[in-house]
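Q: Fold the following.
(2 chains)
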There are 2 protein chains.
Amino acid sequence: MTEREAQQTPVPVVAVVLAAGFGTRFGPDNPKQLVSVGGKPIVCWSIEAFERCERVTDIVVVVNEKVRGTVEELIEQAGYAKVRVVIDGGAERVDSTAAALSMLAEAGIPDDAKILIHDAVRPFVAQSAIDGSIDALDEFQAATVAFASTDTVLLTEDLGDRKVVRSVPDRPNTFRAQTPQSFRFATIRRAYELASADPDFHPTDDTRVVVDYMPDVPVAIVSGAETNMKITTMEDIPVAERIAADLTHHMTKEEARARMHALLSGAAAQMAR
Amino acid sequence: MTEREAQQTPVPVVAVVLAAGFGTRFGPDNPKQLVSVGGKPIVCWSIEAFERCERVTDIVVVVNEKVRGTVEELIEQAGYAKVRVVIDGGAERVDSTAAALSMLAEAGIPDDAKILIHDAVRPFVAQSAIDGSIDALDEFQAATVAFASTDTVLLTEDLGDRKVVRSVPDRPNTFRAQTPQSFRFATIRRAYELASADPDFHPTDDTRVVVDYMPDVPVAIVSGAETNMKITTMEDIPVAERIAADLTHHMTKEEARARMHALLSGAAAQMAR
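A: Next up, the predicted model:
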């Protein structure tokens, strides 16, 4: 054990997978988190990303009453061993996060636990993004996966009924937020406490809760990827299918290599006899 | 003629198609503006978008010496009637725009001419975006096509060797800049004059020249589309091919409908005899 490792007591690493959206853009009876891409429901891709990462200790899945039955069934069928609980979310994203935080507090999770909050509709999050988030929390109280914007970003304001450009930030300092967004437990709890006292509070993003209500806490950027896309409309499905095919093909090649390796080792062992 | 129309003297509407990029990301011998998608070089898609719009009176194409021969040949083969001149651009995007503006000044173009500056590597610009840009210049001195960001945008700053979030602007006020970016001639000329006096001047965007150097001139947002994508790497090609196929299919259907209509009219005329 290195000195650095010895200094770090292992803390719980909890993934909160937000799957409570009603996906109205897909139609009320077709919640987007249940749509299949690459032959697998979107919510399963997301849960599996955290199930697969050895450093993640627990998974909390947040649902709504409409999808609860199906999601619970999918979890049981797949045998996801780290999913501890499936809880009900709220009307807005922020209510779902708040519900998860209350549950974790009641469960007595330590203040320094690492909480990774992930949108279920980003099914293709890379292991490197999850690892990067867990690592960033060794140095920072908060971190978010984000992808450098290739387009120039324009900040606008209203002029009559028209949007006009207010400013053009330097491109190297513009990122598109993705998830997971990660926090030490005490930090995100405190930010939500402060925010809940504000009646004008309607963030669409957990990072923003920290940035706006705890401005002294820097939120680190963790490298995301174009493939860590958010599936919001049916038009996103063809792109998603392509990414799913690439990933499946890649995994299949890896598996084939592993199998070949096992076979060759076996053969070598037999020949050595 | 309505009163409104009578008040407006028709002014030249000049499209400047910037095709001077060296496309190093595609490899030095494979300039991206010459790559074919849907069986047509990218630069031709872009020129045709303006050739097709009846309100555009003139087209200026900006190239580099490496692609000049090919681009001139493509223009001649296709018989683009509005292309007045093919000029040499500069090392950076801003130099290419400056070259076009000097040429237009020498050509004695009026101050109130409408100039639409377009990146050749955005081949699928919609007619509605071009029309919207021309219309916006009736009310504003400057306008840019832009697409509302579906992702939360993060503005960052450096903290040591790490990027951290500085602020999270409201999502409805964050747009991704596209092209064309459009200006009354006198306005963009003046902005470039002011900017050229600043040694730190390195904008990647014409809109920014106006926003930064003529802060009192509002730049209007014109609705863009996801399909108005910028082709920057080989990875963009599959998506571009899909859009090209959709557009070609759509145009073919329109043509088929027009032909059917002509046939039916002919048949009706014959029957009426």
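
Q: in the helix or strand harbouring residue A:189, what's buried?
A: Residue A:189 belongs to helix A:185-196 when elements are defined using DSSP states H and E. Neighbour-count burial for helix A:185-196, with 16 or more other Cβ atoms under 10 Å in any protein chain shown as criterion, is recorded at A:185, A:187-192, A:195. C-beta here means a position set from N, CA and C on the backbone, and glycine is covered the same way.

Q: In the strand or helix carrying residue A:69, which residues are buried?
A: According to DSSP H and E, residue A:69 maps onto helix A:65-78. By neighbour count with 16+ other Cβ under 10 Å, helix A:65-78 contains the buried residues A:67-68, A:71, A:74-75.

Q: related to what we said a few turns ago, touching the helix holding residue A:189 from outside, list them.
A: Helix A:185-196 has contacts (Cβ atoms under 8 Å, 6 or more residues apart in numbering or on different chains) with A:94, A:97-98, A:101, A:104-105, A:109-115, A:117, A:141-142, A:183, A:201, A:203, A:206, A:209-210, A:212-214, A:217.

Q: pLDDT (mean, whole number) over it?
A: Here helix A:185-196 scores 96 as its mean pLDDT.

Q: Stretch A:64-79 too?
A: If you average the pLDDT over stretch A:64-79, you get 95.

Q: neighbouring contacts of that stretch?
A: Taking contacts as Cβ under 8 Å, 6+ apart, the residues outside stretch A:64-79 that touch it are A:19-22, A:31, A:33-34, A:41, A:43-44, A:47-48, A:61, A:63, A:83, A:86, A:88-89.

Q: try 6 Å this time
A: A:20, A:31, A:34, A:43-44, A:63, A:83, A:86, A:89 (Cβ atoms under 6 Å, 6 or more residues apart in numbering or on different chains).

Q: Alpha carbons of it, in PDB - could you do that?
A: In PDB, the C-alpha atoms belonging to stretch A:64-79 read as follows (Å, rounded to 0.1, in the frame of the first residue of the first chain):
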ATOM      1  CA  ASN A  64     -41.700   7.300 -11.100                       C
ATOM      2  CA  GLU A  65     -44.700   5.200 -10.400                       C
ATOM      3  CA  LYS A  66     -45.300   4.600 -14.100                       C
ATOM      4  CA  VAL A  67     -42.000   2.800 -14.800                       C
ATOM      5  CA  ARG A  68     -41.300   1.400 -11.300                       C
ATOM      6  CA  GLY A  69     -42.800  -2.100 -12.100                       C
ATOM      7  CA  THR A  70     -40.800  -2.400 -15.300                       C
ATOM      8  CA  VAL A  71     -37.600  -1.100 -13.900                       C
ATOM      9  CA  GLU A  72     -37.800  -3.400 -10.900                       C
ATOM     10  CA  GLU A  73     -38.400  -6.300 -13.100                       C
ATOM     11  CA  LEU A  74     -35.400  -5.400 -15.400                       C
ATOM     12  CA  ILE A  75     -33.100  -5.100 -12.300                       C
ATOM     13  CA  GLU A  76     -34.200  -8.500 -11.000                       C
ATOM     14  CA  GLN A  77     -33.900 -10.200 -14.400                       C
ATOM     15  CA  ALA A  78     -30.400  -8.700 -15.000                       C
ATOM     16  CA  GLY A  79     -29.400  -9.500 -11.400                       C
END
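
Q: near chain B, which residues of the stretch 1-150 of chain A?
A: For the stretch 1-150 of chain A, the residues in contact with chain B (Cβ under 6 Å from any Cβ of the partner chain) are residue A:146.

Q: could you pull out the strands for the stretch 1-150 of chain A?
A: Assigned by DSSP state E, counting those that start in this stretch, the strands in the stretch 1-150 of chain A fall at A:13-18, A:36-37, A:40-41, A:58-63, A:83-88, A:114-119, A:142-148.

Q: how about those strands, which one is nearest residue A:155?
A: Closest approach to residue A:155 among these is made by strand A:142-148 (16.8 Å; Cβ to Cβ).

Q: Pull out the buried positions in that closest one.
A: Within strand A:142-148, the residues scored as buried using 16+ other Cβ under 10 Å are A:142-147.

Q: picking up where we left off before, the helix holding residue A:69 relative to strand A:58-63, how many degrees between them?
A: Counting by axes from the mean of the first three to the mean of the last three Cα atoms, to 10 degrees, helix A:65-78 lies at 140 degrees to strand A:58-63.

Q: can you pull up the bridge partners for the residue in the stretch 1-150 of chain A positioned nearest to chain B?
A: When scored by Cβ to the nearest Cβ, the stretch 1-150 of chain A has residue A:146 as its residue closest to chain B, at 5.5 Å. When assigned by DSSP bridges, residue A:146 has beta-bridge partners residue A:177, residue A:223.

Q: how near is the residue nearest the centre of chain A to residue B:148?
A: With distances taken as Cα atoms, centre = their mean, the residue of chain A nearest its centroid is residue A:118 (2.3 Å). Relative to residue B:148, residue A:118 is positioned 24 Å away (Cβ to Cβ, to the nearest Å).

Q: now do residue A:82
A: Distance of residue A:82 to residue B:148, computed by Cβ to Cβ: 37 Å.

Q: Around chain B, which positions in the stretch 151-273 of chain A sit nearby?
A: Neighbours of chain B within the stretch 151-273 of chain A, by Cβ under 6 Å from any Cβ: A:151-156, A:159, A:162-165, A:168-169, A:173, A:175-177, A:205, A:208, A:211, A:218-221.

Q: Skipping its backbone neighbours, what lies nearest residue A:123 in space?
A: Counting by Cβ to Cβ, 6 or more residues apart in numbering or on different chains, residue A:45 is the residue found nearest to residue A:123 once chain neighbours are left out, at 3.2 Å.
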